[in-house]
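> Provide a 3D model corresponding to the input given below.
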Amino acid sequence: MITINIAADAKYPFDRTALRNHLEKILEAHQLKDGIEVEVEVVGKRKMSQIHQTYMQVAGPTDVLSFPLNDPADDRPFLMPPDGILRMGDIVICYPEAVTEALEKQIKVDIQIQFLAEHGLMHLLGFHHE
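Residues are numbered from 1 along each chain as shown. Okay, the predicted model is just below:
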C-alpha cells in the first residue's frame, strides 16, 4: 500500500485527493506499489522561509523543498525497516508561491501544487537536476 500523508492548514484550499492520486501514479510508474510512505506539508511563506534558511541557508521562501530520509552519499544497500514500510521522506510546498506560479502559468493552483509535489517526489526518488 502507498501512503501519502498530507498536512496543511485549512486556509489553503487545494484538492488533497487529486494530489494523493497524482503522487501514487508516479510511484507506481517507478514500480513502487507497496509499503511506501511519503509526507507532504503545505505551508505559508513564513514557515517556508524558516525552513529554507535553516536547511539551505537561503533567505526567503521557495516553492518546494524535499527531504529524503535516505542519505544519497551512502552507497550501502537499504535495509527494510522492521514494519516493512519504506519512508521516503518529506516534501514541503509553499502555498502562496504555488498560487503566484499558477497565475503566471495561467493554470489551476491544484495543477501547480501537483507539479511541485512531483518535482519534490522525483528528488526523493534520487533524480536531481544538474
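> Quick one: residues in contact with stretch 119-126.
23, 26-27, 30, 38, 40, 64-66, 68, 72, 88-89, 91-93 (CB atoms under 8 Å, 6 or more residues apart in numbering). Every C-beta, even on glycine, is put in place using the N, C-alpha and C of the backbone.
> just these: which has the poorest pLDDT?
Within those, pLDDT reaches its minimum at Pro72, with 60.
> just for the chain, where's the confidence low?
For the chain, applying pLDDT under 70 flags the ranges 71-80, 129-130.
> where along it do the strands fall?
Using DSSP state E, the strands assigned to the chain run over residues 2-8, 36-43, 64-68, 86-94.
> how about stretch 102-113: buried residues?
Ala102, Val109, Asp110, Ile111, Gln112, Ile113 (16 or more other CB atoms under 10 Å).
> wait, the fifth one sits on Ala98?
So the one you mean is Gln112. Yes - under the criterion of CB atoms under 8 Å, Gln112 makes contact with Ala98 at 4.7 Å.
> Can you pull up the most central residue in the chain?
Ile91 (2.6 Å; CA atoms, centre = their mean).
> Okay, it and Ala8: tell me how far apart.
Look at Ile91 and Ala8: by CB to CB, to the nearest Å, they are 12 Å apart.
> between these two, what contacts are shared?
With CB under 8 Å, 6+ apart as the test, Ile91 and Ala8 both reach Glu41.
> Convert the C-alpha atoms of stretch 119-130 to PDB, please.
Extracted as PDB, the C-alpha positions of stretch 119-130 are listed here (Å, rounded to 0.1, in the frame of the first residue of the first chain):
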ATOM      1  CA  HIS A 119       9.200  17.700  -8.500                       C
ATOM      2  CA  GLY A 120       9.800  17.000  -4.800                       C
ATOM      3  CA  LEU A 121       9.000  13.400  -5.200                       C
ATOM      4  CA  MET A 122      11.500  13.000  -8.000                       C
ATOM      5  CA  HIS A 123      14.200  14.300  -5.600                       C
ATOM      6  CA  LEU A 124      13.100  11.700  -3.000                       C
ATOM      7  CA  LEU A 125      13.400   9.000  -5.700                       C
ATOM      8  CA  GLY A 126      17.000  10.200  -6.400                       C
ATOM      9  CA  PHE A 127      16.500  12.300  -9.500                       C
ATOM     10  CA  HIS A 128      18.300  15.700  -9.400                       C
ATOM     11  CA  HIS A 129      18.600  18.500 -11.800                       C
ATOM     12  CA  GLU A 130      22.100  19.500 -12.900                       C
END
